[in-house]
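*Asks:* okay, sequence plus prediction incoming.
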4 protein chains.
Amino acid sequence: MANSKFEYVRHFEQTTTTYLLPNTYIIIRIDGRSFHRFSTLQSFQKPNDPRALSLMNAAAVSVFHDLGGEVVSIAYGVSDEFSFVLRKECNLFDRREAKLVSTVVSIFTAYYVSLWPTYFPSQPLTKPLPTFDGRAVCYPTIENVRDYLSWRQADCHINNLYNTTFWALIQQGGMTPQEAEKELMGTLAKDKNEILWSRFGVNYNNEGEMFRKGSVVYRNYGAVPESSADDTPSDEKEIEQKEEKEEINPTTPPAETQKGKSRSQQKREAKKLAKAEVVIEHVDIIKEAFWEKRPWILHWTLGRQNEYAGTEQ
Amino acid sequence: MANSKFEYVRHFEQTTTTYLLPNTYIIIRIDGRSFHRFSTLQSFQKPNDPRALSLMNAAAVSVFHDLGGEVVSIAYGVSDEFSFVLRKECNLFDRREAKLVSTVVSIFTAYYVSLWPTYFPSQPLTKPLPTFDGRAVCYPTIENVRDYLSWRQADCHINNLYNTTFWALIQQGGMTPQEAEKELMGTLAKDKNEILWSRFGVNYNNEGEMFRKGSVVYRNYGAVPESSADDTPSDEKEIEQKEEKEEINPTTPPAETQKGKSRSQQKREAKKLAKAEVVIEHVDIIKEAFWEKRPWILHWTLGRQNEYAGTEQ
Amino acid sequence: MANSKFEYVRHFEQTTTTYLLPNTYIIIRIDGRSFHRFSTLQSFQKPNDPRALSLMNAAAVSVFHDLGGEVVSIAYGVSDEFSFVLRKECNLFDRREAKLVSTVVSIFTAYYVSLWPTYFPSQPLTKPLPTFDGRAVCYPTIENVRDYLSWRQADCHINNLYNTTFWALIQQGGMTPQEAEKELMGTLAKDKNEILWSRFGVNYNNEGEMFRKGSVVYRNYGAVPESSADDTPSDEKEIEQKEEKEEINPTTPPAETQKGKSRSQQKREAKKLAKAEVVIEHVDIIKEAFWEKRPWILHWTLGRQNEYAGTEQ
Amino acid sequence: MANSKFEYVRHFEQTTTTYLLPNTYIIIRIDGRSFHRFSTLQSFQKPNDPRALSLMNAAAVSVFHDLGGEVVSIAYGVSDEFSFVLRKECNLFDRREAKLVSTVVSIFTAYYVSLWPTYFPSQPLTKPLPTFDGRAVCYPTIENVRDYLSWRQADCHINNLYNTTFWALIQQGGMTPQEAEKELMGTLAKDKNEILWSRFGVNYNNEGEMFRKGSVVYRNYGAVPESSADDTPSDEKEIEQKEEKEEINPTTPPAETQKGKSRSQQKREAKKLAKAEVVIEHVDIIKEAFWEKRPWILHWTLGRQNEYAGTEQ
């Protein structure tokens, strides 16, 4: 066939085809490209634009739906980034890195562009269009995944406290951006809280939770009743107080796993979970409470048995 | 800082960060995800829908514009796939694979979704939205890149001849898809040409060039005058005749390079090229003629000097 | 400096520098290159040459000593291959794959060549010298590592039973290699046992344990007293009986970990372990018993804290 | 079969199996592990021990012989490192990185240990034995390969001039190592030459060529007669003079290729080359002359046609 003399070029693909290590959690993080510029062009409100964040969340929910029930177990978004945690037993595209990353980025982009008019009805998209890049990283244990998500949420808090104070100094304090930056140089969290309160009468803890905590997206299996202890308003205070101590996570009993459950019970649960509603919450995911009450997110092995988990010994 | 106890997780990124070999051509190919289903849902015309192909081409042109003047040197599209050839000296994102692939896929997706109403004005997009995956492959030489593009174009010809005959048997011949498939089993190109001509009065060579040749996208520097020899109607015939001989490429003199040009002349040309219009053509890129007349596409070193090309010896 | 115009070539190294995923077990397996030919040239006894296996074991022990106390936790050897399991917290060479693999292979080779006269005193090495290749694979969990080692030991049993019968047919039965191969085609384990017993009076279970079980190398911390239950002579029988049932590993209580031990106690233990004698045993490592009694091999976190293990939650 | 429940672990190998890009030169560089310590333990002469360097060279020659006639095209050694350039068309082990690197390291180690008594007859090897690590890097063009080798040879010159002066200050000048180091801080090449000449009567250009130029190993096809212009004693002077100018490589006409030769002539030449004697020389490989006279090293395509080179267009 005429084509066969050229087909040798397919061989070169082998050198860039990467398979992600089985039996590990894959986290795909997407980031807005040049969103600083994009948010200026589109006149996003500062420091946070709830329409823009809600659009990010809606695009993230679409990734859950498009990939199907058992692929993504939880996602966390803040500002123009979103991290998707894929189940340890995920075998989509044989775990080929480029396919996984590009697919998640493409779905997210398609829905972001498509849903734009819903969130910015009076403001049509103009060139350059909003786009995202992505990357994948593997984490072998639940502890590593929890620490990854804690890293992003602690970052959310640190950045949002900074931005809230920075923009208060400008919008209410009449400073230039350069003056505000200089004013904040070297300040600790408690200094920023103090500036907000004493100069502008703002209690940071009353700021919107979507801004302070970011957005947590997951399927709400709902097996475990919620207590009100989950999301106390003093969370950020706690993070701040521990800035020097470096000891955020209290050790609590491990979340309920599926050990002892029969295979058919697991299958029933998997089916139910795959159909469970995808919810968006703005809650603390650093502390134990969130995970204790939602063991299906990281502690359950669902759907297709993890064929690479190894013999239970 | 509170965050530092979690920041160790960043270290894991190192294990999936791939840098593509410097001084090689990077080809990023994107493919429509489940486009067979998507094209049915959206009632694409068979075997080819010119609106859908034109939308693909418009999205590809947007990739050229969004990435800037000197990144992509040529792109080739057929059906629901598009291949983008990045210049050998491209250093975008330090040549990190995941960033490059996800960015190209995201731009393509954003414009495909955004431009949809232009090409399908009476047909709003519905879920699931059109999405794409991508991959990157390196090729060290011009010969390898030429052969890659020849592979895709020969594939275009083979598939399009098949599809044209297949749908003629169904649409005009009244066959079921199964009957048409059976009819074509084991046929050579000349048999399909014969079926088209004798049963349906169709001369395949009169079919649209976008269908037969695919779409070639590049910046039209225009330095070299076009001759009419470029794109003779007998190209497919030639491919077919050589199906057994395996000798498609005639050896012709090499394309004009920039050797001997001064550095400042090269810079002027680079500047001019970066601003040149992006054009879409449906022409043969297997034979020499196309490349001879457009040496700037693969034979010129432009813009930023290739810092990894090595000492000219 | 004169060198600086060439130094850009260092940049290309980045594209082939692979870091192995932190917080996973690294298994480096080495294999003899063309050892079939080498063993013939050196007149190794068939089916097993105890001198050659002992030399392999001595070279493996040297890898433990050369790399230092806390790098390798266990090694398993059979025929001309040896697998080295590196501790999960190993950070040698920043976990760069090429450095790790090439170093283990180089140490193994150096000692194999150097110790040759000790095991083959009357037989000087001749060209081509014995050489080895190597590869590294990551495993995220203890279950995966246990299954890897079980895979190698089950392979050892299967191959050794075959080889023992094959060479009995030749050496005692007077068959040609081709006749022996044909005779064994399609036979199960019990058939081979029967051939050995009925034709040659050989009880396979009385064959040397080094041949039947391979060689297990580890540091004998000796904290847990050995019982005699460890290594019953009926192990292979068991493997065979379960060939169809696919259920080799009985579920037993998990091995003792270091949870609840103080950091300073862990450090004391690490120090003691690093100095513990490296021993070679020929015992079952598929069943629980071996691991229950030697929890320090896989269940203890030793030496340098695993900086990538994550917050204990 | 009993083994099949464990065999899933093989799947994990896929994630660390790297194939090196076809149609590029592979350079495998090996480095002595802790050779500073090893050379002290073995009382190597300073600054250069000709016995140790000759042993390195002999081990390198063994790599040529062990891998067969058409794999390595040239090797360059200096101090305790050696770089092996594999032909662009090399397909050994399907270009799997770990296999290639570990095999070269293993061969080198085996011969280094085995040949030790030949070069150090009165000095038996003691533990720890000499070992090496290795890495592989791909280079797409002859220019890149030439620049890589120039980088190593320029490094050889710079280091050797330093070491020669450093040890003269100690051995003949009576300085301590600290004093010598201080003395040389900030000196240029011409200063070191001056120190050697004025204080110790040493003309650096009369030092041994193996020390000043390193060792070049290749198959001496011998098709092109040698001129005496090759290796003038003023080479280092030239490098030094150009330290600031950064313009070492004079542009000369390209080396003779095999273009225009018939396929059968190429095959004859390949056969002859594969059998050609492996020679060790201590000559300049930065300038054109060396390559002009030995076009078969980098400019010829030999042996098995390069199946990934692409269609000659």
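*Replies:* Ah, there it is. Small disclaimer: the values here were computed from a predicted structure and weren't measured.
*Asks:* geometric centre of chain A: which residue is closest?
*Replies:* By CA atoms, centre = their mean, chain A has its centre lying nearest to residue A:76, at 1.6 Å.
*Asks:* who's in contact with that one?
*Replies:* Residues near residue A:76 by CB atoms under 8 Å, 6 or more residues apart in numbering or on different chains: A:82-83, A:85, A:149, A:152-153, A:214-217, A:285. In short, each C-beta sits where N, CA and C put it, glycine included.
*Asks:* show me what the longest helix along chain A is packed up against.
*Replies:* Looking across chain A with DSSP state H, the single longest helix is helix A:142-171. Applying 3 or more CB pairs under 8 Å, 6 or more residues apart in numbering or on different chains; DSSP states H and E, one finds that helix A:142-171 contacts strand A:25-32, strand A:72-78, strand A:81-86, strand A:132-139, helix A:177-184, helix A:189-200, helix A:209-213, helix A:235-241.
*Asks:* switch to 6 Å and redo it
*Replies:* Under the contact definition 3 or more CB pairs under 6 Å, 6 or more residues apart in numbering or on different chains; DSSP states H and E, helix A:142-171 sits against strand A:72-78, helix A:177-184, helix A:189-200.
*Asks:* what residues does chain A put near chain C?
*Replies:* Within chain A, the residues that sit near chain C (CB under 6 Å from any CB of the partner chain) are A:21, A:23-24, A:138, A:140, A:143-144, A:146-147, A:249, A:310-311, A:313.
*Asks:* state the distance from the residue lying closest to residue A:192 once chain neighbours are set aside to chain B.
*Replies:* Nearest residue to residue A:192, sequence neighbours excluded (CB to CB, 6 or more residues apart in numbering or on different chains): residue A:165, at 4.4 Å. Look at residue A:165 and chain B: by CB to the nearest CB, to the nearest Å, they are 16 Å apart.
*Asks:* residue A:129 too?
*Replies:* From residue A:129 over to chain B the distance is 4 Å, taken as CB to the nearest CB.
*Asks:* which residues does that residue contact?
*Replies:* Listed by CB atoms under 6 Å, 6 or more residues apart in numbering or on different chains, the contact partners of residue A:129 are B:110, B:114.
*Asks:* can you tell me the element it falls in?
*Replies:* Secondary structure assigned from DSSP states H and E places residue A:129 in neither a helix nor a strand.
*Asks:* now it: how far from chain D?
*Replies:* Using CB to the nearest CB, residue A:129 is found at 34 Å from chain D.
*Asks:* give me the residues contacting stretch A:140-157.
*Replies:* Residues outside stretch A:140-157 that contact it (CB under 6 Å, 6+ apart): A:24-25, A:76, A:78, A:139, A:214, A:236, A:239, A:285-286, A:298, B:2-3, B:6, B:9, C:23-24, C:140, C:310-311, C:313.
*Asks:* quick one, which of those are buried?
*Replies:* Buried subset of the contacts of stretch A:140-157 (neighbour count, 16 or more other CB atoms under 10 Å in any protein chain shown): A:24-25, A:76, A:78, A:139, A:214, A:236, A:239, A:285-286, A:298, B:2-3, B:6, B:9, C:23-24, C:140, C:310-311, C:313.
*Asks:* where does the stretch 51-200 of chain A get nearest to chain C, residue-wise?
*Replies:* The nearest approach of the stretch 51-200 of chain A to chain C comes at residue A:143, 3.1 Å away (CB to the nearest CB).
*Asks:* how about that residue: what's its closest non-neighbour residue?
*Replies:* In this structure, residue A:143 finds its nearest non-sequential neighbour in residue C:310, 3.1 Å apart by CB to CB, 6+ apart.
*Asks:* can you show me the helices along the stretch 201-313 of chain A?
*Replies:* Using DSSP state H, counting those that start in this stretch, the helices assigned to the stretch 201-313 of chain A run over residues A:209-213, A:235-241, A:263-275, A:288-293.
*Asks:* if we go by neighbour counts, what in the longest one is buried?
*Replies:* Put plainly, it is helix A:263-275. Neighbour-count burial for helix A:263-275, counted by 16+ other CB under 10 Å, picks out A:266, A:269-270, A:272-273.
*Asks:* closest to residue C:179 among those residues?
*Replies:* Nearest to residue C:179, judged by CB to CB, of the buried residues of helix A:263-275 is residue A:266 at 51.9 Å.
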